[in-house]
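Undergrad: Would you be able to build a 3D model of this:
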Amino acid sequence: MSEPAGSPGLLSRPLVPVASEDDAVETCRTAFPRIAAAGGRPVVVHVIEKAGGAPDKASVEQREAAAEEAFAAVRDRAADHGLDVETDIRYGTDVVDAILAAAADADASAIVFHPRGGSWLLDLLTGDVRDRLIEESDRPVVVLPDPEGDQ
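TA: Just a heads-up that it's a prediction; the model follows:
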């Protein structure tokens, strides 16, 4: 399926959420070759989830340091593909709302992610975020499979 003439492609300005350094490595391995091939300029977001009145699991400083580690991995992989990447840390009590706000603020062409592999329990726990992104987004949500040959 091709894009209409003059319209930006799905991967022209994608918002790419990452949850951790390991997730960033895996997501970038899958997304960045496709984004580079499309001539895109990704915005990578990490959401620091706040407990909303309850004590947080880790300090904000610890979570910001973890976000910076993820972004360092992102920048390394972006350089490997010749991509100019922006990073954005968001804070919120709802991860989906924070991702959707980041997409709107960046005027993202799509929200792009690579699902984490795992058990049915992991899917049950993370599926809510995936499903809500798909249902509530005002822009396309692209779920990328593993690159061919990396299965």
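
Undergrad: In terms of helices and strands, where is residue 67?
TA: helix 60-80 (DSSP states H and E).

Undergrad: hey, which helix or strand in this protein has the poorest pLDDT?
TA: helix 120-136 (a mean of 69; mean pLDDT, DSSP states H and E).

Undergrad: Low-confidence bits of the protein, can you list those?
TA: Counting by pLDDT under 70, the chain contains low-confidence ranges at 1-8, 52-57, 116-127, 147-151.

Undergrad: hmm, try it at 80
TA: 1-8, 51-58, 115-128, 146-151 (pLDDT under 80).

Undergrad: Which parts of it are helices?
TA: 21-37, 60-80, 95-106, 120-136 (DSSP state H).

Undergrad: Any chance of the backbone angles for residue 137?
TA: phi -70, psi 140 (degrees, to the nearest 10).

Undergrad: send the alpha carbons of the helix holding residue 67 over as CSV?
TA: Written as CSV, here are the backbone C-alpha positions of helix 60-80 (Å, rounded to 0.1, in the frame of the first residue of the first chain):
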residue,chain,number,x,y,z
VAL,A,60,12.6,10.4,40.5
GLU,A,61,16.4,10.7,40.2
GLN,A,62,16.8,7.0,39.8
ARG,A,63,14.1,6.8,37.2
GLU,A,64,15.6,9.8,35.3
ALA,A,65,19.0,8.0,35.3
ALA,A,66,17.3,4.9,33.9
ALA,A,67,15.7,7.0,31.2
GLU,A,68,19.1,8.5,30.3
GLU,A,69,20.6,5.0,30.0
ALA,A,70,17.8,4.1,27.7
PHE,A,71,18.3,7.3,25.7
ALA,A,72,22.1,6.6,25.4
ALA,A,73,21.3,3.2,23.9
VAL,A,74,18.8,5.0,21.5
ARG,A,75,21.4,7.6,20.4
ASP,A,76,24.0,4.8,19.8
ARG,A,77,21.6,2.9,17.5
ALA,A,78,20.4,6.1,15.8
ALA,A,79,24.0,6.9,14.9
ASP,A,80,24.4,3.4,13.4
